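**Q** need coordinates for the below:
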Amino acid sequence: MSKPPSNAQIAAEAPTRKPYKQLIREDKRGFYIQLLVEYPCLLLFFFLTISIVLSISAVLQPTTLDYGISAFELRDHVSSIEWDARTEAIRASTKNLDVLIDQLKSSSNKRGTLQYSINSPQFSRIGKFHVVVSFAPRTDAQGKSVPTNVFEPENLLAVHNIYSRVMNYTGYQDYCWWDYTNFQCFAPESLMPFFFKKSPYDNDTIIDLSGTGKYLTKDINKALGLIMRNNLWQFTDTSFSVNNPRSSLLRFVFLWGTPLKGYNGPNDRKAEQVATTKKWLSGLVGMMKEIQKEQQGNMTVYYGGDWVTEMEIMDTIYSDALYAIGSFTLVFFFMMLHTESLFLSSTALIQILLSFPTVYFIYRVVFGISWIGVLNFIGLFIIMGIGVDDVFVFYDVFAQTAHLSDLKMRLRIVYGRAMKATFITTVTTAVAFVSNIASPIPALRVFGIFMFMIVVMNYIMVVTMFPPVLALWEKHIKNRCSKTCTCTTRLREKIMEKLGFADRASSGRPIDQFFKNGLAPFLRKARWVVTAVFFLLFVGSIVLSTRLAPSNKPPAFFPADNNVQRFLDWQPSGSLS
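**A** Residues are numbered from 1 along each chain as shown. Next up, the predicted model:
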């Protein structure tokens, strides 16, 4: 094996730019390395262009955000069985309410109104808005927790106040599901008509079909009896029954419909009507947030439904994006601190972030999947950590060869060491993610495959893009370093001085000295102790893993006191349909 040329021999050779064809003839094995040294800008532009074009193509594709929890359900799991059972019970209970209303209308010579309204092609129901008023247990004189009954007069009045504020909100009459036979809004689906009358002199057995009654009935028990005789259970909690005529919550459902004023039918500029309704609903949501702020004592109000919960989830995602900006800024700061280069840090961060939309192109365009789960967005944070690790490996190997004057030789070493090291970590990480394909939970299977592709794509982009960046920096930018390099160098020196490595700076980089003179000697002396500690941790993790039990509840995406999470917890089917 021939010895590599010495530094003196390399320095003696004049660095001349050679023609493209001559490069191929002289060194076929090192062709790419030579091309990398001679044309780093061209290679970097080529790879960036491909990634950016694919990313833009993916972003322009219409995509549906799957924010429901149905993808997390196990069909044979206890939580799914319970949800399915309750969904069927609510469907049956709603049918009972329709039958009761039809009977009452029939007795008032209005038979067929509801059926005609539903089937008429001239108007259509397009959405529901759920409002749930819940009462937490109260503490009695003995300090014991006592469940609160919503059917107490003062609680019914409090619930009715919220119910009325929604119905009296500006524009409600324009966007409600309109009953063109009676020229009024269809009454919300609720139990309010059983408890509130239009006149204080109305008989307690009279039900106000318009749902606009203001006077509380004098006999609440009689109204409860009528509710239970007709099996109307879907507006209360699950404990409500004949033997327990109590509930800690009440819900009501407001109905939105088309056509709106100025339109000839539900299909006349349908998208425009939906957009107008959503805009109005955003104002209604603002009022509901004010109601939530006004609540005192043990009463809590939460809401959701078609479009409304989607808007709130998107608002939450946008607000959480601020945390993402903070994390990216922190990562960028450490990259600046480590590389002492604004150019290297910026290009590395862009390259890592581009791996996400590039994979999304494969996900959306190649595989043809038109929806993306909320869980997949976590991949942006995960790949940030993985990508920065790979970049640091390449940069550290390149920095450790700074004593060599031949850039081609340095890049050969970088590819020989860093490429192999990051390949091993990439394979292990990718296999860990793709193993989720065996999960019975659909969302985890998709997430595992998605992350597998991102990890592999990140490796490809680091291997292809970052070496040209290093070559470009070394040849054209390093010697023109601005005050930014000086500031980061001084900051890093101060930090290393605090850690006690400033005195060794002359013998190498501080981080290399830390591992060489600090961590390595310690691990060598305490190797048996360290091995024993990690062995005990391993045994302890196995013992604790045997105590894990599957949850009997659907997954929670938001804090327990968040309005969206409260609504999702209440939803009988675990979705927003």
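**Q** which ones are touching the residue lying closest to Ile369 once chain neighbours are set aside?
**A** With sequence-adjacent residues excluded and distances taken as C-beta to C-beta, 6 or more residues apart in numbering, Ile369 is closest to Tyr363, at 5.6 Å. In short, each C-beta sits where N, CA and C put it, glycine included. Tyr363 makes contacts with 58, 369, 372, 450, 453, as judged by C-beta atoms under 8 Å, 6 or more residues apart in numbering.
**Q** counting by contacts, list what the strand of greatest length in the chain packs against.
**A** The strand spanning the most residues in the chain, taking DSSP state E as the definition, is strand 124-135. Packing partners of strand 124-135 (3 or more C-beta pairs under 8 Å, 6 or more residues apart in numbering; DSSP states H and E): helix 153-167, strand 249-258, helix 270-294, strand 299-305, helix 563-570.
**Q** related to what we said a few turns ago, can you tell me which of the contacts of Tyr363 are in helices?
**A** Here DSSP state H is the test, and the contacts of Tyr363 give 58, 450, 453 as lying in helices.
**Q** by neighbours, which of those wins?
**A** Phe450 (24 neighbours; other C-beta atoms under 10 Å).
**Q** mind listing what it touches?
**A** Phe450 sits in contact with 359, 363, 376, 379, where contact means C-beta under 8 Å, 6+ apart.
**Q** so of these, which ones are in helices?
**A** 359, 379.
**Q** which two among the contacts of Phe450 are spaced furthest apart?
**A** Longest distance between any two of these is 10.6 Å, between Tyr363 and Gly379; criterion C-beta to C-beta.
**Q** so how far is Gln273 from Gly262?
**A** Relative to Gln273, Gly262 is positioned 9 Å away (C-beta to C-beta, to the nearest Å).
**Q** what average pLDDT does the helix or strand hosting Gly225 get?
**A** Per DSSP states H and E: Gly225 is located in helix 220-229. For helix 220-229, the mean pLDDT works out to 85.
**Q** re the thing from before, now the contacts of Tyr363 as a markdown table including distance to Trp473 and pLDDT?
**A** Below are the contacts of Tyr363 laid out as a markdown table (distance: C-beta to C-beta, whole Å; pLDDT from 0 to 100):
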| residue | distance to Trp473 | pLDDT |
| --- | --- | --- |
| Ala58 | 29 | 83 |
| Ile369 | 38 | 81 |
| Ile372 | 35 | 80 |
| Phe450 | 32 | 91 |
| Met453 | 29 | 93 |
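**Q** picking up where we left off before, what about Gly262 and Gln273, which has more around it?
**A** Neighbour count, other C-beta under 10 Å: between Gly262 and Gln273, Gln273 has more, with 22 against 11.
**Q** the helices in the stretch 351-500 of the chain, which residues?
**A** In the stretch 351-500 of the chain, the segments counted as helices under DSSP state H, counting those that start in this stretch are 378-400, 407-434, 442-472, 483-498.
**Q** and the ones you listed: which comes nearest Thr238?
**A** helix 442-472 (26.4 Å).
**Q** may I see the buried residues of the helix or strand containing Val37?
**A** Taking DSSP H and E as the criterion, the element that holds Val37 is helix 31-38. For helix 31-38, the neighbour count (16 or more other C-beta atoms under 10 Å) marks 33-38 as buried.
**Q** okay, now the unreliable bits of the stretch 101-250 of the chain?
**A** For the stretch 101-250 of the chain, applying pLDDT under 70 flags the ranges 101-123, 182, 202-209.
**Q** and the helix holding Gly225, what does it pack against?
**A** If contacts are counted by 3+ C-beta pairs under 8 Å, 6+ apart, helix 220-229 sits against helix 192-195.
**Q** mind listing what the helix or strand that comes right after the helix it packs on pairs with, with the direction of each?
**A** As assigned by DSSP H and E, the chain's next helix or strand after helix 192-195 is strand 196-197. Here strand 196-197 is paired, per DSSP bridges, with strand 215-216 (antiparallel).
**Q** pull the contacting residues for Gly127.
**A** So Gly127 contacts 255-256, 277, 305-307 (C-beta under 8 Å, 6+ apart).
**Q** next one: the helix or strand encompassing Ile542 to chain centre, how far?
**A** Assessed by DSSP H and E, Ile542 sits inside helix 527-545. Its chain's C-alpha centre and that of helix 527-545 lie 34 Å apart, by C-alpha atoms, centre = their mean, to the nearest Å.
**Q** give me the pLDDT value at the residue nearest the centre of the chain.
**A** The centre of the chain sits closest to Val374, judged by C-alpha atoms, centre = their mean, with a distance of 3.8 Å. Model confidence at Val374, given as pLDDT, is 74.
**Q** now Ile449
**A** Reported pLDDT for Ile449: 90.
**Q** can you check Glu310 too?
**A** 79.
**Q** just give the number of residues close to it.
**A** Residues near Glu310, counting by other C-beta under 10 Å: 17.
**Q** and if you look at Arg246?
**A** 16.
**Q** identify the residue spatially nearest to it, adjacent ones excluded.
**A** Nearest to Arg246 is Asn149, by C-beta to C-beta, 6+ apart, at 4.5 Å.
**Q** part of a helix, is that neighbour?
**A** No. Applying DSSP: H, G, I helix; E, B strand; the rest coil, one finds Asn149 to be coil, outside a helix.
**Q** for it, give me phi and psi.
**A** As for Asn149, its main-chain torsions (degrees, to the nearest 10) stand at phi -100, psi 120.
**Q** before we move on, back to that, the residue nearest to the centre of the chain reaches Glu310, doesn't it?
**A** No. Between Val374 and Glu310 there is no contact under C-beta atoms under 8 Å: 11.6 Å.
**Q** the helix holding Gly225: how far from the chain's middle?
**A** The chain centre lies 43 Å from the centre of helix 220-229; the measure is C-alpha atoms, centre = their mean.
**Q** over to stretch 370-377?
**A** 8 Å.
**Q** buried residues in that stretch?
**A** Residues of stretch 370-377 classed as buried: 372-376 (neighbour count, 16+ other C-beta under 10 Å).
**Q** can you redo those as CSV with distance to Tyr415?
**A** As requested, the buried residues of stretch 370-377 are exported to CSV (distance: C-beta to C-beta, whole Å):
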residue, distance to Tyr415
Ile372, 35
Gly373, 36
Val374, 38
Leu375, 35
Asn376, 32
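**Q** wait, which of these is closest to Lys214?
**A** Val374 (42.3 Å).
**Q** thinking again about what came up before, check what pLDDT the residue nearest to Ile369 gets.
**A** pLDDT recorded at Tyr363 is 87.
**Q** next, work out how far apart it and Leu60 are.
**A** Tyr363 sits 14 Å away from Leu60, going by C-beta to C-beta.
**Q** could you do Ser345 as well?
**A** Distance of Ser345 to Leu60, computed by C-beta to C-beta: 29 Å.
**Q** do Asn479 as well
**A** Asn479 is 41 Å from Leu60, by C-beta to C-beta.
**Q** higher neighbour count, these two?
**A** More neighbours surround Leu60 than the other of Asn479 and Leu60, with 10 against 7 (other C-beta under 10 Å).
**Q** so that one versus Val53, what's the distance?
**A** According to C-beta to C-beta, Leu60 stands 11 Å off from Val53.
**Q** Val391 now?
**A** From Val391 to Val53 the distance is 23 Å (C-beta to C-beta).
**Q** can you check Leu337 too?
**A** 33 Å.
**Q** likewise for Thr401?
**A** Distance, Thr401 to Val53, using C-beta to C-beta: 34 Å.
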